[in-house]
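# Test case, fold it:
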Amino acid sequence: MSDKKFRNENKYLISYMDYLTIHPIVANFLRRDPYCTQEGGIYEIRSLYFDSPDNVTVKDKDLGVDRRAKIRIRMYRGDPNTMFMEKKIKDNNYISKLRTNISIDEYKRIISGDYSFRGYNAELDALLIYCKNSNLKPAVIVEYDKEVFIHDASNLRITFDTNAHSWLNTIDLLAKNPIKMPIFENNSLILEIKYNYYLPSFVRSLVTPLETKRISFSKFEHCLDTIRPLDFI
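A predicted model of the protein is given here:
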């Protein structure tokens, strides 16, 4: 399945005190994502990010390239049957995604660097060709907990990403007992807001005091910065 429509995406690095203030308001105006309801409100995400040997993905972000892309394989709740591969395209403040489910066997071939096979759908084939042509390799794993709220207005989606960690000693999402390092200090977290055409007024009033905390943030890059001094990559 793919989603090629571009959406607005705003990110804020907020404190835990900000969270305690904002969360009850969001929970009052929006409803929980159905997947969050099934998981008691929060679910774990693991993402394996790819980059080239000369770190083109990271450099594009650092240089402020308007249109850039990154590849990741994502897994929910530690369940390998939920894995999918995704290309996230960012064009200034807008994002779109090309994504498809992958099997465990496909995952193992991909992380071994084998992009020569072809899957059962055009999306996977396109992702494999992109990885091969861009010389992409597995780079780092990010793990965090996500809490999601949604609203019908402008297909609004508000998420709180907490408990974010880098995996230090492996680039295999299926590894047991990885060594982890927190990527934020003082319980900071990411507030992420996605919407289609307009930001509802009650959300604008909510985030206006946070504009100084609005950031262009990449968990992928932040994790690389965390583990580089340790020479694990």
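# Now do the buried residues in whichever strand or helix holds residue 206.
Using DSSP states H and E, residue 206 maps to helix 201-207. By neighbour count on 16 or more other C-beta atoms under 10 Å, the buried set for helix 201-207 is 203, 206-207. The C-beta positions use only the backbone N, C-alpha and C, and glycine is treated the same way.
# Where do the helices of the protein begin and end?
When assigned using DSSP state H, the helices of the chain occupy the ranges 16-29, 34-38, 56-62, 104-111, 122-133, 201-207, 219-227.
# Could you say which one of those helices comes nearest to residue 78?
With C-beta to C-beta as the criterion, residue 78 lies closest to helix 104-111 of the helices of the chain, at 13.1 Å.
# hmm, who's touching that closest one?
Outside of helix 104-111, the residues within contact range by C-beta atoms under 8 Å, 6 or more residues apart in numbering are 48, 73, 80-81, 83, 85, 102, 117, 119, 124, 128, 131, 138, 171-174.
# what's the angle from the strand ranked longest in the chain to helix 104-111?
Among all segments of the chain classified by DSSP state E, the strand with the greatest residue count is strand 137-151. In this structure, strand 137-151 runs at an angle of 130 degrees to helix 104-111, with axes from the mean of the first three to the mean of the last three C-alpha atoms, to 10 degrees as the basis.
# Measure how strand 137-151 sits relative to helix 16-29, angle-wise.
Interaxial angle, strand 137-151 versus helix 16-29 (the same axes, to 10 degrees): 50 degrees.
# and the helix holding residue 206, what does it pack onto?
Contacting helix 201-207 under the criterion 3 or more C-beta pairs under 8 Å, 6 or more residues apart in numbering; DSSP states H and E are the following elements: helix 16-29, strand 189-195.
# just how off-centre is it within its chain?
What separates the centre of helix 201-207 from the centre of its chain is 23 Å, taken as C-alpha atoms, centre = their mean, to the nearest Å.
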